[in-house]
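Novice: Sequence and predicted structure below; questions after.
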Amino acid sequence: MKIAIAMFIVVFGASAALAHSGGTNAQGCHNETATNSYHCH
């Protein structure tokens with residue numbers, strides 16, 4: 001059971017680390033210059 005919990009923490013931490021670092025407006029949105037698209041988180 002401890003291994004399953006540890007794996008969950010690692011996977012969740014990795015997905016959080018891959019997220020970009022902010023630059024959002026008050027609605028939590030931003031313009032992605034690489035794809036020229038506007039999206040929200």
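Specialist: Received the coordinates, thanks.
Novice: Surely residue 35 is in a strand?
Specialist: No: looking at residue 35 with DSSP: H, G, I helix; E, B strand; the rest coil, it is coil, so not inside a strand.
Novice: residues near it, how many?
Specialist: Residue 35 sits with 8 neighbouring residues when counted by other CB atoms under 10 Å. For the C-beta atoms, the positions are set from N, CA and C on the backbone; glycine is no exception.
Novice: Show the low-confidence segments of this protein, by residue range.
Specialist: Across the chain, the ranges flagged by pLDDT under 70 are 10-22.
Novice: residue boundaries of the helices in it?
Specialist: With DSSP state H, the ranges of helices along the chain come out as 2-18.
Novice: OK, contacts around residue 32?
Specialist: Applying CB atoms under 8 Å, 6 or more residues apart in numbering to residue 32 gives the contacts 38-39.
Novice: Show me what it bridges to in the sheet.
Specialist: According to DSSP bridges, the residues that bridge with residue 32 are residue 37.
Novice: Alright, I will stop here.
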